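Peer 1: quick one: sequence and predicted model below, then my questions.
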Amino acid sequence: MKANTTKLIVTLSVILVSLLLILECVYKVKETEQVVVTQFGKPVGEAKITPGLKLKMPFIQRTNYFEKRYMEWDGDPNQVPTKDKKFIFVDTYARWQITDPLQFFKRLTDERGAQSRLADILDGETRDHIAGHNLEEVVRSVNRTPVSSGLIGEETGDTLNNITTGRQKIEDMILLSANEKAKDLGIVILDVRIKRLNYVEEVRAQIYERMKSERYRIAERFRSEGQGEASKINGEKERDLKTIQSEAFRTAEEIRGRADARAAAIYAGAYDQSAASRNLYGFMKSMETFRVTFDSSTTIILSTDSELYKYLTDFNKGL
């Protein structure tokens, strides 16, 4: 019985050791992975980039797995001066890939080392290329004619300066020079993009003040144009009013002249008639004078030589 127990223990031990040896000798490479095998910290053989089961020496060799897919590098915003002395914050990002895992392991060890080295390369190249161009070149990629946004007073037209390089070409230059510096690192930088640009706080305040001044200038221009238009309208109104008054005065004088002429003609004609007609005319004119001059509360003192007194006495005799 004791011999059987011993035999069973030995058998199980052999099985466990065999399984352990198998697990230590065999490793799996996935489609998205690539592996560098090291022995006592130094690479052994070529990197394994094809998927499947692979073999290694147990216990003394270790596997180092690296990503085969595209990876992201996201930089921190850096303050950079442009060629025209404008201080801006530049936030960039990039995509990169491990193309030579053996060289990558020798130079950078792991992805953390790669991220740090990429930061040094890309930040430096970004700073160098932006410092060599004006702000307009960094912001815009093509020449274009600005389109009005509908804001009152906004000026449109060919007001933007022409650019010769542009943001897209600057990004391409950063990518080219960065890959040149990273060519012995076992990686390739696939794409570099400027994610965000912004003025530093001090310059931003100046920009806001300049924008406010521009709005005030436009408002003042509209106010001046409005006052000029109002003065023009008032001048035209005064001119038209004087013209109308002059025409009315001229027409009134013409009417008055014709009336006076007609009255004089009638008066002259009346005196050319008989004495009775003249007396009747004089009487009618006197009565008209009475009607206009006197009312029921009027008291008058007349001389006996007055024409009015004569007509009144004659009127009483007739009664």
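Peer 2: Arrived safely.
Peer 1: quick one: the helices in the stretch 51-200 of the chain?
Peer 2: For the stretch 51-200 of the chain, the helices defined by DSSP state H, counting those that start in this stretch cover 101-108, 111-131, 135-139, 167-181.
Peer 1: can you name every helix or strand that the second one contacts?
Peer 2: In this structure, helix 111-131 packs against strand 71-74, strand 78-81, strand 87-98, helix 101-108, helix 167-181, strand 187-199, with contacts taken as 3 or more Cβ pairs under 8 Å, 6 or more residues apart in numbering; DSSP states H and E. (Each C-beta comes from the backbone N, C-alpha and C, glycine too.)
Peer 1: what about the stretch 151-300 of the chain, any weak spots by pLDDT?
Peer 2: Along the stretch 151-300 of the chain, the model assigns pLDDT under 70 to residues 151-159, 203-204, 207, 267-283, 286, 290, 292, 294, 296.
Peer 1: repeat that for 50
Peer 2: Along the stretch 151-300 of the chain, segments meeting pLDDT under 50 span 157-158.
Peer 1: list the helices and strands the longest helix along the chain packs on?
Peer 2: Identified as the longest helix of the chain according to DSSP state H is helix 201-271. Judged by 3+ Cβ pairs under 8 Å, 6+ apart, helix 201-271 is in contact with strand 87-98, helix 275-293.
Peer 1: in stretch 36-44, what's buried?
Peer 2: 36-38, 43 (16 or more other Cβ atoms under 10 Å).
Peer 1: got the end-to-end distance for that stretch?
Peer 2: Between the opening and closing residues of stretch 36-44 lies a distance of 8 Å (Cα to Cα, to the nearest Å).
Peer 1: just put the helices and strands packed on helix 111-131 in JSON lines and tack on distance to Glu238.
Peer 2: Putting the helices and strands packed on helix 111-131 into JSON lines (distance: least, Cβ to Cβ, whole Å) gives the following:
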{"stretch": "strand 71-74", "distance to Glu238": "71"}
{"stretch": "strand 78-81", "distance to Glu238": "60"}
{"stretch": "strand 87-98", "distance to Glu238": "57"}
{"stretch": "helix 101-108", "distance to Glu238": "87"}
{"stretch": "helix 167-181", "distance to Glu238": "59"}
{"stretch": "strand 187-199", "distance to Glu238": "53"}
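Peer 1: tabulate the ones you listed (JSON lines), appending mean neighbour count and distance to Asp295.
Peer 2: Output for those, formatted as JSON lines (neighbours: other Cβ atoms under 10 Å; distance: least, Cβ to Cβ, whole Å):
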{"stretch": "strand 71-74", "mean neighbour count": "14", "distance to Asp295": "106"}
{"stretch": "strand 78-81", "mean neighbour count": "15", "distance to Asp295": "99"}
{"stretch": "strand 87-98", "mean neighbour count": "19", "distance to Asp295": "95"}
{"stretch": "helix 101-108", "mean neighbour count": "20", "distance to Asp295": "123"}
{"stretch": "helix 167-181", "mean neighbour count": "17", "distance to Asp295": "98"}
{"stretch": "strand 187-199", "mean neighbour count": "16", "distance to Asp295": "90"}
